[in-house]
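fold the following.
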Amino acid sequence: MLRDLLLIGVGGFFGAIFRYLISGIIPVKFGIPTGTLIVNLIGSFILGFLLYGSLFIPISTEHKLLIGTGFCGALTTFSTFSYETFALIDEGLLFKALLNISINVVGCLIMVYFGRVLALLIFK
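The predicted model follows:
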């Protein structure tokens, strides 16, 4: 149990740093928080690849905890996404809020699909 928590913590440490760096590098574009969008897309791709890849090659529980739960959990920012979306609504920018929701949800689903496709191409 303690080992699992440490693995999640280490993965989370690196995921949070990566999120901070990406969010700081990528400016707001088109009035929506683009950095948050990018980290959600990257995290969704990594998680899709990891979980679908594990259907074809053995991936240890430790690696799933480190990368999937820790790294991707800290990297993807749906709590931030939710807050930023409500901030857009509070500012009266309903269209931009809906655009932000649509791009994040559809984009992340597409990235999980691409992660799955890549895993299938590599491992099948």
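
only C-alpha atoms from now on, for both contacts and neighbour counts.
Fine.

what number of residues lie near the nearest residue to Phe86 once chain neighbours are set aside?
Nearest non-adjacent residue to Phe86, counting by C-alpha to C-alpha, 6 or more residues apart in numbering: Ala97, 7.3 Å away. Residues within reach of Ala97, counting by other C-alpha atoms under 10 Å, total 21.

and Ala97, what element?
helix 94-123 (DSSP states H and E).

same deal with Ala74?
helix 72-75.

what is the helix or strand bottoming out on mean pLDDT in the chain packed up against?
Every helix and strand in the chain was compared by mean pLDDT, DSSP states H and E; the lowest is helix 78-90, with a mean of 88. For helix 78-90, the packing partners by 3 or more C-alpha pairs under 8 Å, 6 or more residues apart in numbering; DSSP states H and E come out as helix 34-53, helix 94-123.

which residue of the chain sits farthest from its center?
Gly92 (27.0 Å; C-alpha atoms, centre = their mean).

which SS state does that residue fall under?
The three-state assignment at Gly92 reads coil, by DSSP: H, G, I helix; E, B strand; the rest coil.

residues near Gln46, how many?
Just so we're on the same page, residue 46 is Ile rather than Gln. 21.

same check on Asp90?
Neighbour tally, Asp90, other C-alpha under 10 Å: 11.

and for the one 3 residues further on?
Burial measure for Leu93: 15 neighbouring residues, criterion other C-alpha under 10 Å.

that one and Val117, how far apart?
36 Å (C-alpha to C-alpha, to the nearest Å).

ok, Leu47 next?
In terms of C-alpha to C-alpha, Leu47 sits 12 Å off from Val117.

which of those two has more neighbours?
In terms of neighbours (other C-alpha under 10 Å), Leu47 is the more surrounded of Leu47 and Val117; the figures are 23 against 16.

got a list of what that one touches?
Ile67, Gly68, Cys72, Val112, Gly115 (C-alpha atoms under 8 Å, 6 or more residues apart in numbering).
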